[in-house]
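J.: Sequence and predicted model, in that order:
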2 protein chains.
Amino acid sequence: MGLTQARIAVDAMGGDYAPAEIVAGAIRAREELDVEILLVGDPDKIRASVADPDSLSRIEVVPAEGTIEMHEEPLSALRKKRNASINVAMDMVKKGRADAVVSAGHSGAAMAAALLRIGRIKGIDRPAIGAVFPTVVAGKPVLILDVGANVDCRPKFLEQFALMGSVYSEYAFGAHNPRVGLLNIGEEPSKGNDVAVQVHQALSDSTAINFVGNAEGRDVLSGNFDVIVCDGFVGNVLLKFAEAVGEAAMNILREELPRGILGKLGVLILKGNLKRIKQRLDHAEHGGALLLGVNGVAVISHGSSNAPSIFNAIRLSKEAVDNGVIGHIQGQYQKVAASVTNGD
Amino acid sequence: MGLTQARIAVDAMGGDYAPAEIVAGAIRAREELDVEILLVGDPDKIRASVADPDSLSRIEVVPAEGTIEMHEEPLSALRKKRNASINVAMDMVKKGRADAVVSAGHSGAAMAAALLRIGRIKGIDRPAIGAVFPTVVAGKPVLILDVGANVDCRPKFLEQFALMGSVYSEYAFGAHNPRVGLLNIGEEPSKGNDVAVQVHQALSDSTAINFVGNAEGRDVLSGNFDVIVCDGFVGNVLLKFAEAVGEAAMNILREELPRGILGKLGVLILKGNLKRIKQRLDHAEHGGALLLGVNGVAVISHGSSNAPSIFNAIRLSKEAVDNGVIGHIQGQYQKVAASVTNGD
């Protein structure tokens, strides 16, 4: 924890359930976490979304006009709507008034706004979106990146993802000498497409990264890796599949467990244990995705985020701020970037 | 069901638990399914793997010498070991003595042997491996292809996968006017990499395929698609992740459900329902993967296949044979290939 409270700018207008669920999550975070909250959006709509006006008393409302809609092309929309909530939220970080941004709005717009307003970390070609997956080892998450920012990746992008992910995993999750894997279709160095083969070689040669080899799909949840890098196409497919599969497993449980009289009795008896299972399978428990590679903490939440998801996203951004992750990436990157073989 | 029994050549020497588990699965298939079995491998080892020699009385043992080991490079190994079990099994189809091959051995070698011995269907550039995934809708599987044969795909390969998958889904699963999707990172036609954008356009223009649009990772298990096409890199990652996640979900159930005295009681009461859940989550229940695009039915089973997996793989191959899937692909392909825009 830092000496000062982490200051989180929350995009109140982005997301399917904005502003009500966003505001509710932010209020809970202000109450339960050691954070300062800046709610960015239409002040009238923000105030109208709460039953008790006093609940906003310890939160600063920062006025903004409009939001980027899901169907809009990010760059032109951001230029047209200069005072859109995501632009204003990113400006809070730019001006040093906030340490982090949390948004459940248009993810492409959030990324573009971060790039335009906060800018890339020196030495990073392309920021990546990192998603935190739970593993079969309780309390041991794995950071997967990129999960959607870059559909086509040159080898050096993936090397940069590996280094950023490694730093993040060490400082935010406390992983010691984080084990980094390359998502691939087999264990052998020769497996995969040309990019995968090149990246495997470059990461093997790197002294800055503890590269432990290729990670197959079956290894993602094994707990054997702290960081797994991949291009944004396969990462995005994997993330969305993983989100859905947790729900699918819960649906199968709901359908099959209560069958018959014994089933209904059993479910009643197991109520408490089933709740814990739901928590372990539920993606919302694990917060949002991180935009890594810009000069600030940015958490991109799911469009369907409800108040608990926003609360978890704020906690995720607070951990990144308190542990000085961005500064460590900036510093470590400069120090070690030269030792990473340029595989491009 | 055909007028004659489907004749399945089973590679007795391929797989982690060969020959014992392979032979056991084949014997059960011979007893319970309406199939003829040719067990291909070392006759002494095959006979030594069964407790009762009579259990092999209704099965033909076809002698072969050696097997392709997992570490071997497929093409050179297949040339060097001309009488390896997978070569001999494929020859059974070539010679018209079998209708299908089932192998749990080196999957690259099985594919190469199929190409060399049976050959490609006319009009198909690259065979694909199709995997059958269960969906949240019971009894409604989805066929994903390719899951590992082709890491880099040109647009026309994916169009061919779509057509082969569509025919397979219709004749083997009885899907009416099968709904075909393109695995992608968003719904819009402009989403994804260059290949995805081109394939989206080509499939939209095709009159032979009921293309319903892009399928995101979250849609894979939704039951909204009968066939989903993708390149072999992302497909392989997805397949292996899906296999592992089913196991992971079962492990969470095993860990959390029996907690406490009530937990243990509840689990006892729910024994029957839990077994059904295991069946729905267990990948082995869904057989192997299909090699589509060669002039015969070839089922590639998981290396770790046990007897039940082999039994299911034989059932899968029998369904393909009985429904004349290969003939339909050959026929339909010729008829409609011209109407598929060549997106390459």
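T.: Cool, the structure landed. None of these values were measured; they are calculated from a predicted model. Numbers count the residues shown, from 1 in each chain, chains lettered A, B, ... in the order given.
J.: Please make it C-alpha for all contacts and neighbour counts, starting now.
T.: Will do.
J.: Which neighbours in the sheet does the strand or helix carrying A:Leu39 have, and how are they oriented?
T.: Taking DSSP states H and E as the criterion, A:Leu39 maps to strand A:35-41. Paired strands of strand A:35-41, with direction, are strand A:6-11 (parallel), strand A:60-63 (parallel) (DSSP bridges).
J.: residues in contact with the last one?
T.: The set of residues that contact strand A:60-63 without belonging to it, under C-alpha atoms under 8 Å, 6 or more residues apart in numbering or on different chains, is A:Ile37, A:Leu38, A:Leu39, A:Val40, A:Gly41, A:Asp42, A:Pro43, A:Ser85.
J.: Around the nearest residue to A:Ile37 once chain neighbours are set aside, how many other residues sit close by?
T.: Distances taken as C-alpha to C-alpha, 6 or more residues apart in numbering or on different chains place A:Ile8 nearest to A:Ile37, at 5.1 Å, with adjacent residues excluded. Neighbours of A:Ile8 under the rule other C-alpha atoms under 10 Å in any protein chain shown: 29.
J.: And A:Ile118, by the same measure?
T.: With other C-alpha under 10 Å as criterion, A:Ile118 counts 20.
J.: Please report how far it lies from A:Val101.
T.: For A:Ile118, the distance to A:Val101 equals 11 Å [C-alpha to C-alpha, to the nearest Å].
J.: who touches both of these two?
T.: Shared contacts of A:Ile118 and A:Val101, counting by C-alpha under 8 Å, 6+ apart, come down to A:Met90, A:Val93.
J.: before we move on, back to that, average pLDDT across the strand holding A:Leu39?
T.: Mean pLDDT, strand A:35-41: 98.
J.: downstream neighbour of that strand in the secondary structure list?
T.: Following strand A:35-41 in sequence, per DSSP H and E, is helix A:43-48.
J.: Packing partners of that following helix?
T.: Judged by 3 or more C-alpha pairs under 8 Å, 6 or more residues apart in numbering or on different chains; DSSP states H and E, the packing partners of helix A:43-48 are strand A:60-63.
J.: buried residues in the strand it packs on?
T.: A:Val61, A:Val62, A:Pro63 (16 or more other C-alpha atoms under 10 Å in any protein chain shown).
J.: Likewise for stretch A:69-89?
T.: Of the residues in stretch A:69-89, those buried (16+ other C-alpha under 10 Å) are A:Met70, A:Pro74, A:Leu78, A:Lys81, A:Asn83, A:Ala84, A:Ser85, A:Ile86, A:Asn87, A:Val88, A:Ala89.
J.: Out of those residues, which comes closest to A:Asp219?
T.: A:Met70 (33.5 Å; C-alpha to C-alpha).
J.: secondary structure class for the closest one?
T.: coil (DSSP: H, G, I helix; E, B strand; the rest coil).
J.: Next one, pLDDT for it please.
T.: We have a pLDDT of 86 for A:Met70.
J.: if I look at it, how far off is chain B?
T.: 11 Å (C-alpha to the nearest C-alpha, to the nearest Å).
J.: Now do the contacts for the closest residue in space to that residue that isn't next to it in sequence.
T.: Leaving out its chain neighbours, the residue that sits closest to A:Met70 by C-alpha to C-alpha, 6+ apart is A:His106, at 5.4 Å. Residues near A:His106 by C-alpha under 8 Å, 6+ apart: A:Gly14, A:Gly15, A:Ile68, A:Glu69, A:Met70, A:Gly303.
J.: Out of these, which comes closest to chain B?
T.: A:Met70 (11.5 Å; C-alpha to the nearest C-alpha).
J.: That closest one and B:Leu257, how far apart?
T.: Taken as C-alpha to C-alpha, the span from A:Met70 to B:Leu257 is 40 Å.
J.: Quick check, pLDDT for the residue of chain A positioned farthest from its centre.
T.: Most distant from the centre of chain A: A:Ile261, at 42.8 Å, with distances by C-alpha atoms, centre = their mean. At A:Ile261, the model reports a pLDDT of 84.
J.: same thing with A:Leu3?
T.: At A:Leu3, pLDDT is 60.
J.: same deal with A:Val267?
T.: On the pLDDT scale, A:Val267 gets 81.
J.: Next, the closest residue to it other than its chain neighbours: secondary structure please.
T.: In space, and not counting its chain neighbours, A:Val267 is closest to A:Pro258: 6.1 Å by C-alpha to C-alpha, 6+ apart. What three-state DSSP gives for A:Pro258 is coil.
J.: what residues are up against A:Pro258?
T.: By C-alpha under 8 Å, 6+ apart, the contact list for A:Pro258 reads A:Lys264, A:Leu265, A:Gly266, A:Val267, B:Asn273.
J.: how far does the helix or strand hosting the first one sit from the chain's center?
T.: I take that to be A:Lys264. Assigning secondary structure by DSSP H and E places A:Lys264 in helix A:260-269. The chain centroid and the centroid of helix A:260-269 are separated by 38 Å under C-alpha atoms, centre = their mean, to the nearest Å.
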